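Undergrad: Quick one: sequence plus predicted model below, questions after.
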Amino acid sequence: MPDGMAYVDDKQLLASGKTDDDGNIKLTADQEKQLAVAYAGHPDSTWIVYPGHVARLRVAEESPDWTEKEKLFHALHAADFSAGLHGTLFDDAALSHASYAKTAFEVSDPMAIFSKFKV
């Protein structure tokens with residue numbers, strides 16, 4: 001159990017389990033529906049908790065107009081590497097966030113990070 005979970009009421013939990021071998025969260029159709037309802041009702045209060053980290057769930061629908069850099073910025077934000085959505089690579093330490101994400105996801109091209117989050 002992740003540290004601090006003893007302070008969370010069981011009624012507040014939607015699901016629990018383990019990630020797959022690649023670290024991805026896999027949900028059943030029922031769990032996806034539960035999560036969608038919870039997120040719609042509380043978009044700023046839905047969190048993913050795992051050992052050593054807590055991340056607010058952030059959902060964005062991909063736009064066909066997004067550039068590769070905008071996809072990267074959305075991925076960094078969704079993965080909790082940045083507190084806000086970057087506007088440029090030179091904005092609020094975006095380069096260091098992208099570098100850290102490349103290391104964490106073991107990719108050489110920062111543009112490959114987005115594919116890790118696309119559903």
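TA: Structure received. Numbering: from 1, shown residues only.

Undergrad: Show me the domain layout of the chain.
TA: Split into domains by automatic domain parsing, the chain comes to 5-56, 68-116.

Undergrad: looking at these, which is buried most?
TA: domain 68-116 (a mean of 16; mean count of other Cβ atoms under 10 Å). The C-beta positions use only the backbone N, C-alpha and C, and glycine is treated the same way.

Undergrad: looking at this protein, which helix or strand is least sure?
TA: Every helix and strand in the chain was compared by mean pLDDT, DSSP states H and E; the lowest is strand 53-56, with a mean of 72.

Undergrad: Summarise which helices and strands that strand is packed against.
TA: Counting by 3 or more Cβ pairs under 8 Å, 6 or more residues apart in numbering; DSSP states H and E, the packing neighbours recorded for strand 53-56 are strand 47-50.

Undergrad: Would you mind putting the CA coordinates of the strand it packs on into CSV?
TA: Presented in CSV, the C-alpha positions along strand 47-50 are these (Å, rounded to 0.1, in the frame of the first residue of the first chain):
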residue,chain,number,x,y,z
TRP,A,47,-5.9,11.4,-8.1
ILE,A,48,-3.7,8.5,-9.0
VAL,A,49,-1.7,7.2,-6.0
TYR,A,50,1.2,4.9,-6.2
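
Undergrad: partner strands of it, parallel or antiparallel?
TA: Taking DSSP bridges as the criterion, strand 47-50 pairs within the sheet with strand 53-56 (antiparallel).

Undergrad: about what we covered before: out of the domains of the chain, nearest to Glu62?
TA: Closest approach to Glu62 among the domains of the chain is made by domain 68-116 (7.5 Å; Cβ to Cβ).

Undergrad: Just the pLDDT for Phe81.
TA: Phe81 is assigned a predicted lDDT (pLDDT) of 68.

Undergrad: now the helices for this structure?
TA: When assigned using DSSP state H, the helices of the chain occupy the ranges 29-41, 68-78, 94-105.
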